[in-house]
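Trainee: Got a predicted model here, sequence first, then my questions.
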Amino acid sequence: MLGRLSKIEIFIANWTISIPVLRYALGSCFIMAVTSLMNYELSYLTSVLALGYMAPGAKPLSFKQGLKFILTLSLITGLAVIFSEFFVDYPLVFMPLLALGILWLYYSDALPLMVKLFSIISILVIPLLSLEASAIGSFVAVSLVFNALMAVVLSQLVFLVFPLCDADIPFVKQKQNVPKKTDKERLKYAINIVFILLPMLLLFFIFKLSGGLLILIFTAILSMSPALANTKVGGGMIIANILGGLFAILAYNLLVVVPMFPFMILITLSTGLFFGTRLFSSNKMAAVFGSGFSTFLLILGSVTSSEEEASDEVWTRLIQISIAVIYVVIAFRLLNNYEKSKEVRKL
């Protein structure tokens, strides 16, 4: 009898350790299920953006924090719409001001990471879509704010079911112990990001490549991680994102055979557990698996909600994301090598 009780205690302890992974995987499935059933505009973005609120070290938001986030994002998207309305027809003013706005967002440490992430997406997507029609920019602004609201609300509901526990403490401490950058370091980092994004911005602006905006969005998101300058981390990021894309392609092909909503959720759950167990670990490369799972959710969500030929689009999405990842890794590597060569010349 005592032997059986000890086995039960071990089983319970293991479940406690697994709470962060279960929160991440089951929470993603819950958010994807709700947004898919509601089927609002750009609904597939909600589950991707909500991952940041359930990532290692993330804490549940207070009502005040959530409200402040939505109001700040609404203000920034509103300014992006106004900016587009006034300056989109004047490219010599439009591009420098857009670059200046991006520089400020990456330089500033006044905004929380998730607010900064949503803001960067807004300031890139809204002006460039406004090149086609100003009404499109306004529509996307409203959609982004609503997606942000859904991401905040649904992720906090997940925390009610899977609250913070002892297993979260190492990840919280690790996040808190990240050293803060000085003003000079942040300015240097922001200037480097502008140099990385500027060729993309000019390319999309000149040729109006709105169909490939996913490349620009992923480039901006990935550029928030300077660790990609490291060859090992950069290579791991490329592999993880391609792996996430291949998982999405496999999931899509399985759904063609068994086109059932519960089956899609089960596939998402199994994939979330695969990436989540590797994300919530002490491995130095753990963070790249979070990016891989976001790639999976983005591709699967976009192709299942699309009215176009999904079999073609699933490969298009993978190629677009792969281009963005490879471009950022190479750009960071070139900048890193240039800075090292400058230091050597000074010596």
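Mentor: That came in fine, so what should we check first? This is a predicted model, so every value here is computed, not measured.

Trainee: Show me where this structure has its helices.
Mentor: 2-17, 19-38, 44-50, 63-87, 91-107, 113-129, 134-161, 169-176, 183-207, 213-222, 231-257, 261-279, 287-305, 310-346 (DSSP state H).

Trainee: For the second one, buried residues please.
Mentor: Of the residues in helix 19-38, 19-36 count as buried by neighbour count, 16 or more other Cβ atoms under 10 Å. For every residue, glycine as well, the C-beta is placed using N, CA and C.

Trainee: name the helices or strands packed onto that helix?
Mentor: Packing partners of helix 19-38 (3 or more Cβ pairs under 8 Å, 6 or more residues apart in numbering; DSSP states H and E): helix 44-50, helix 134-161, helix 261-279, helix 287-305.

Trainee: change it to 6 Å
Mentor: Packing partners of helix 19-38 (3 or more Cβ pairs under 6 Å, 6 or more residues apart in numbering; DSSP states H and E): helix 44-50, helix 134-161, helix 261-279.

Trainee: and what of the fourth one?
Mentor: Based on contacts counted as 3+ Cβ pairs under 6 Å, 6+ apart, the elements that helix 63-87 packs against are helix 113-129, helix 134-161.

Trainee: Distance from the last one to the middle of the chain?
Mentor: Computed by Cα atoms, centre = their mean, to the nearest Å, the chain-centroid distance of helix 134-161 equals 14 Å.

Trainee: Taking their axis directions, it and helix 213-222 sit at what angle?
Mentor: Relative orientation of helix 134-161 versus helix 213-222 (axes from the mean of the first three to the mean of the last three Cα atoms, to 10 degrees): 50 degrees.

Trainee: mind putting the helices and strands packed on helix 63-87 in a markdown table, mean pLDDT, distance to residue 328 and mean neighbour count included?
Mentor: Output for the helices and strands packed on helix 63-87, formatted as a markdown table (pLDDT from 0 to 100; distance: least, Cβ to Cβ, whole Å; neighbours: other Cβ atoms under 10 Å):
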| stretch | mean pLDDT | distance to residue 328 | mean neighbour count |
| --- | --- | --- | --- |
| helix 113-129 | 82 | 13 | 22 |
| helix 134-161 | 89 | 22 | 19 |
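
Trainee: Which among the ones you listed is found nearest to residue 189?
Mentor: With respect to residue 189, and counting by Cβ to Cβ, the nearest of the helices and strands packed on helix 63-87 is helix 113-129 at 12.7 Å.

Trainee: List the neighbours of the closest one that are in contact with it.
Mentor: With contact meaning Cβ atoms under 6 Å, 6 or more residues apart in numbering, helix 113-129 is reached by 52, 69, 72-73, 76-77, 80, 84, 98, 101, 105, 136-137, 140-141, 144, 148, 204, 210, 216-217, 220.

Trainee: coming back round to it: format the helices and strands packed on helix 19-38 as a markdown table; extra columns: distance to residue 291.
Mentor: Listed next are those as a markdown table, based on distance: least, Cβ to Cβ, whole Å:
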| stretch | distance to residue 291 |
| --- | --- |
| helix 44-50 | 11 |
| helix 134-161 | 17 |
| helix 261-279 | 9 |
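
Trainee: Apart from its chain neighbours, what residue comes closest to residue 32?
Mentor: Spatial nearest neighbour of residue 32, chain neighbours left out: residue 47 (4.4 Å); criterion: Cβ to Cβ, 6 or more residues apart in numbering.

Trainee: ok, now residue 299?
Mentor: With sequence-adjacent residues excluded and distances taken as Cβ to Cβ, 6+ apart, residue 299 is closest to residue 248, at 3.8 Å.

Trainee: Report the contact partners of the one you found.
Mentor: Listed by Cβ under 6 Å, 6+ apart, the contact partners of residue 248 are 296, 299-300.

Trainee: returning to what we had before: mind putting the helices and strands packed on helix 63-87 into CSV with distance to residue 335?
Mentor: Putting those into CSV (distance: least, Cβ to Cβ, whole Å) gives the following:
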stretch, distance to residue 335
helix 113-129, 19
helix 134-161, 29
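
Trainee: For residue 330, which of those helices is the nearest?
Mentor: For these, proximity to residue 330 was assessed by Cβ to Cβ; helix 113-129 is nearest, at 20.0 Å.

Trainee: between the helices and strands packed on helix 19-38, which gets nearest to residue 167?
Mentor: When the helices and strands packed on helix 19-38 are ranked by proximity to residue 167, the top entry is helix 261-279, at 12.4 Å, counting by Cβ to Cβ.

Trainee: I'd like to know which of the contacts of helix 113-129 are buried.
Mentor: Using 16+ other Cβ under 10 Å as the burial test, the contacts of helix 113-129 include 52, 69, 72-73, 76-77, 80, 84, 98, 101, 105, 136-137, 140-141, 144, 148, 204, 216-217, 220 as buried.

Trainee: ok, back up a step: and the residue nearest to residue 299, how far from residue 128?
Mentor: Distance, residue 248 to residue 128, by Cβ to Cβ, to the nearest Å: 25 Å.

Trainee: cool, and residue 213?
Mentor: 7 Å.
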